[in-house]
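Visitor: prediction below, plus the sequence it came from.
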Amino acid sequence: MIEWLTFGAVGRILIYLWQQFPLPESLTRLKTLEKLHICDLCAGVHIYALLAWVTGMHFFGYMPVVSEYVTGGIVSFVAHIFVIGWKEKFSETVVV
């Protein structure tokens, strides 16, 4: 269980860092990459898939590429729901 929590935390930190730094001017012309930079759920699928490939952690039996992206999609969705809940619970709501 601790391995999956570490996996999720490391991936979430990488997603946060990915979104904090601006894309270089040469890459902003690529609309797909620009959308990936804005959407934490979308970026999470690719980042967690890369982490699954590096660490060898998979939810199901190993099938090259498919198992990494299935794992990336599931973990990205769970992390996304956790972040939404965290923001809802602990962020201040300002009504203008």
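Guide: Nice, thanks for sending it over.

Visitor: after the helix or strand of the chain with the lowest mean pLDDT, next one along is what?
Guide: Here the helix or strand of the chain ranked lowest by mean pLDDT, DSSP states H and E is helix 31-38, holding a mean of 77. For helix 31-38, the succeeding helix or strand toward the C-terminus, using DSSP states H and E, is helix 40-55.

Visitor: contacts for the helix or strand encompassing residue 74, please.
Guide: Applying DSSP H and E as the criterion places residue 74 in helix 66-90. For helix 66-90, the external contacting residues (Cβ atoms under 8 Å, 6 or more residues apart in numbering) are 4, 7-8, 11-12, 15, 40-41, 44-53, 57-61. Every C-beta, even on glycine, is put in place using the N, C-alpha and C of the backbone.

Visitor: contact partners of the least confident helix or strand of the chain?
Guide: With Cβ under 8 Å, 6+ apart, helix 31-38 has contacts from 18, 19, 23, 27, 28, 42, 43, 46.

Visitor: any idea which of these has the most stuff around it?
Guide: residue 43 (20 neighbours; other Cβ atoms under 10 Å).

Visitor: gap between that one and residue 31?
Guide: Distance, residue 43 to residue 31, by Cβ to Cβ, to the nearest Å: 15 Å.

Visitor: got the buried residues for the one helix or strand residue 11 maps to?
Guide: Per DSSP H and E: residue 11 is located in helix 2-20. The neighbour-count criterion (16 or more other Cβ atoms under 10 Å) identifies 7, 8, 11, 12, 14, 15, 18 as the buried residues of helix 2-20.

Visitor: for the contacts of helix 31-38, give me TSV that also has pLDDT and distance to residue 79.
Guide: Output for these, formatted as TSV (pLDDT from 0 to 100; distance: Cβ to Cβ, whole Å):
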residue	pLDDT	distance to residue 79
18	87	13
19	86	13
23	78	22
27	72	24
28	71	26
42	88	12
43	89	11
46	91	13
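
Visitor: now the two most distant members of those residues.
Guide: Greatest spacing in the contacts of helix 31-38, by Cβ to Cβ: 28 and 46 (18.0 Å).
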